[in-house]
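K.L.:
my questions are about this predicted structure, shown below with the sequence.
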Amino acid sequence: MERLLVKNGIDCIEKYSYLFEGKRLGLVSSPMGVDRNLRSTIDILNEKFNLTALYSPEHGIRGNLQAGAAVDTYVDEATGITVYSLYGKNKKPSPEILENIDVLVIDLQDVGSRYYTFLYTMSYCMESCAENNKTVVILDRPNVIGGEAVEGNILDMNFKSFVGMYPIPQRFGLTIGEMAQLFNKEFNINCDLKVVKLEGWCRKAYFDDTDLLWINPSPNIPSVNTAVLYNGTCLFEGTNISEGRGTTKPFEFIGAPWLDAYKLADIMNKKSLEGVVFRPVYFEPAFSKHQGELCKGVQIHVKDKRKVKPIKIGINLLYEIMDMNKDKFEWLPPFKEGANYFIDLLTGTDEVRNRKFEADVFIEKWERESKDFKRIKEKYHLY
């Protein structure tokens, strides 16, 4: 398709200036919070309005932290404004850190996946603003993997966590502004919510179908193809298999020191999964699982991103690796005694870990669940 000229929410704020003028603004953002010309939303709001507080999600407001790294409160050297952490012990804004604002502006680039923590930073902010009589304004951005495809299972709330807080599928096909509306109505947050809409975007568009410049939404999502595969290969975060962190191809490289790369690639290619091909690969992670060890596995090459079904790929690859390596494959243990396994938090169920069904049966079951969600989500389409 021809590249679309797209304006993000931040590019359209002049039309919505009445939401900001005369108000004390707080901003939740990340490095991808920029306008079409790559100017930071922080700088734009600080110049045009009264920006009084900044709030940092996972990875830091300047994107300087790896996944899971603690974010501390500090002063932003570029603006002199205090940055409050929303990742770590205090994921939900306290009344104290909202005291000096009237409006909380959220400009976050989501990647279209239930696991991605920016969604829940947003929802916690919405909850806190509802409780403290603050307005929430979402500066909308495209769903980088399109707004049509829906895939995966509905999360069982017994496995609620910061990688899945609501009963939604892994791939949900909404922009972050649309998802904010869904959270607000379907899950009774009921905050005073406004969305500054995109211009020029359509539901079938992936990020690279637009004329916008890509900035990594987080350190391990370096491309649109990575974001597509992430919905399926993120499952390996709950195992002792490397998901490619510490390499140049996170979530595309999957492997471990004891895998048979050629055999695995051959088995996976025989499945003829839509839109991808598997290649034997050898890699040595610079950090994360199997750091400094030679890993053997597969690279998932995306041939046609519109045909890719990442959750189908993920569950098939997971079970094949389990079957090939029953003596060495492991689920990562719970973080603390009595807690859920991380794989259960990612999948939103314990059925995958307990292998209640085989991959094809899971996919059929999950297709029914995602079809039900598709009917709900259409109520919140802005585009």
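P.N.:
Everything's here; your move. None of the values given here were measured: they were computed from a predicted structure. Numbering: from 1, shown residues only.
K.L.:
surely residue 36 forms part of a helix?
P.N.:
No: with DSSP: H, G, I helix; E, B strand; the rest coil as the criterion, residue 36 is coil rather than part of a helix.
K.L.:
can you get me a residue count around it?
P.N.:
15 (other CB atoms under 10 Å). Heads up, the C-betas are built off the backbone N, CA and C, glycines and all.
K.L.:
that one and residue 354, how far apart?
P.N.:
To residue 354, residue 36 is 48 Å away according to CB to CB, to the nearest Å.
K.L.:
what residue ranges in this protein score low on pLDDT?
P.N.:
Counting by pLDDT under 70, the chain shows low-confidence ranges at 63-71.
K.L.:
find the residue at the geometric middle of it.
P.N.:
residue 116 (2.7 Å; CA atoms, centre = their mean).
K.L.:
and the nearest residue to residue 109 once chain neighbours are set aside, which helix or strand is it part of?
P.N.:
Excluding the flanking residues, the one nearest residue 109 by CB to CB, 6 or more residues apart in numbering is residue 32, at 3.8 Å. Using DSSP states H and E, residue 32 falls within no helix or strand.
K.L.:
the residue nearest to the centre of the chain and residue 110 touch, don't they?
P.N.:
Yes: look at residue 116 against residue 110 with CB atoms under 8 Å: they come within range, at 5.9 Å.
K.L.:
span of stretch 242-251 from start to end?
P.N.:
Terminal residues of stretch 242-251 lie 9 Å apart, using CA to CA, to the nearest Å.
K.L.:
in it, what's buried?
P.N.:
Residues of stretch 242-251 classed as buried: 242-247, 249-251 (neighbour count, 16 or more other CB atoms under 10 Å).
K.L.:
in the stretch 251-383 of the chain, which spans are helices?
P.N.:
With DSSP state H, counting those that start in this stretch as the criterion, the stretch 251-383 of the chain has helices at 261-270, 310-324, 342-347, 359-377.
K.L.:
the stretch 101-250 of the chain too?
P.N.:
Using DSSP H, counting those that start in this stretch, the helices of the stretch 101-250 of the chain run over 118-131, 176-186, 224-233.
K.L.:
picking up where we left off before, nearest to residue 130, of the helices of the stretch 251-383 of the chain?
P.N.:
With CB to CB as the measure, helix 359-377 is the member of the helices of the stretch 251-383 of the chain nearest residue 130 (21.1 Å).
K.L.:
I'd like to know which elements the closest one is packed against.
P.N.:
Applying 3 or more CB pairs under 8 Å, 6 or more residues apart in numbering; DSSP states H and E, one finds that helix 359-377 makes contact with helix 176-186, helix 310-324.
K.L.:
now for the closest residue in space to residue 91 that isn't next to it in sequence: which residues touch it?
P.N.:
What sits nearest to residue 91 in space, not counting adjacent residues and going by CB to CB, 6+ apart, is residue 124, at 5.4 Å. Counting by CB atoms under 8 Å, 6 or more residues apart in numbering, residue 124 touches 86, 91-93.
K.L.:
what's the most distant pair in these?
P.N.:
91 and 93 (8.7 Å).
K.L.:
those two - which one has more neighbours?
P.N.:
The neighbour comparison of residue 91 against residue 93 (other CB under 10 Å) goes to residue 93, with 26 against 17.
K.L.:
wait, that one touches residue 55, no?
P.N.:
Yes: judged on CB under 8 Å, residue 93 makes contact with residue 55 at a distance of 6.7 Å.
K.L.:
what's downstream of whichever strand or helix holds residue 43, the next helix or strand?
P.N.:
Assessed by DSSP H and E, residue 43 sits inside helix 41-48. Downstream of helix 41-48, the next assigned helix or strand under DSSP H and E is strand 50-56.
K.L.:
pairing partners for that following strand, with directions?
P.N.:
Looking at strand 50-56 with DSSP bridges, its partner strands are strand 24-29 (parallel), strand 82-85 (parallel).
K.L.:
quick one: strands adjacent to the helix or strand just after it?
P.N.:
For strand 50-56, the following helix or strand on the C-terminal side (DSSP H and E) is strand 74-75. Sheet pairing of strand 74-75 (DSSP bridges) gives strand 82-85 (antiparallel).
K.L.:
this completes my enquiry, with thanks.
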